[in-house]
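Engineer: sequence plus predicted model, see below.
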Amino acid sequence: MSRTEHDGDTDSDEQYGTAELNDRGRLTIPKPLREDLQLDGGVEFTVIREGGDIRLVRELPELETVTRGGEWGEEAFRDAGEATFGDR
C-alpha cells in the first residue's frame, strides 16, 4: 500500500491505501499511517458516523496534575526559560 496525495490537498488529506474489514469486525490501519501518526497498540478511538462515512478520532490521554504540599519555590522554575525557549 503506497501513500498518495490528492492534487491541492493538505497533508491531512493523504491517502494511505485501502483497509479491509475482516469477519470479526476488525480493521487494520495501514502501517505507514500508523507510523506517521505514532499510533501504537492500545490507542483508543471514538467512532463517528458521518452519513455513509466513518471517522476515527484518537482519544488523547488525560493530563495528570502535579501537586505539591507547599508553595513552589523559585528553584522549581530556575531552568524553565532555557529549557522551554532555548537560548533566545
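Structural biologist: Here it is on my side, so go on.

Engineer: G52 - how many residues pack around it?
Structural biologist: Look at G52: counted by other C-beta atoms under 10 Å, it has 5 neighbours. Quick note: C-beta positions are derived from backbone N, CA and C, even for glycine.

Engineer: where does the prediction get shaky in the protein?
Structural biologist: Within the chain, the set of residues satisfying pLDDT under 70 comprises 1-12, 73-88.

Engineer: what about the helices in it?
Structural biologist: Along the chain, counting by DSSP state H, helices occupy 31-36, 80-85.

Engineer: residue ranges of the strands in this structure, please?
Structural biologist: Ranges of strands in the chain, per DSSP state E, are 4-5, 14-15, 45-50, 53-58.

Engineer: among those, which is nearest G69?
Structural biologist: Nearest to G69, of all these, is strand 53-58, at 35.2 Å by C-beta to C-beta.

Engineer: run the angle between that closest one and strand 45-50 for me.
Structural biologist: Angle, strand 53-58 to strand 45-50, by axes from the mean of the first three to the mean of the last three C-alpha atoms, to 10 degrees: 150 degrees.

Engineer: can you list the residues that contact strand 53-58?
Structural biologist: Contact partners of strand 53-58, identified using C-beta atoms under 8 Å, 6 or more residues apart in numbering, comprise 37, 39, 43-49.

Engineer: list just the nearest of the residues you listed to E59.
Structural biologist: E59 has its nearest neighbour among the contacts of strand 53-58 in E44, at 4.4 Å by C-beta to C-beta.

Engineer: the closest one and I54: what is the separation?
Structural biologist: 15 Å (C-beta to C-beta, to the nearest Å).

Engineer: cool, and G42?
Structural biologist: G42 is 20 Å from I54, where distance means C-beta to C-beta.

Engineer: so for those two, which sits in the more crowded spot?
Structural biologist: A side-by-side neighbour count of G42 and I54, using other C-beta under 10 Å, places I54 first with 10 against 5.
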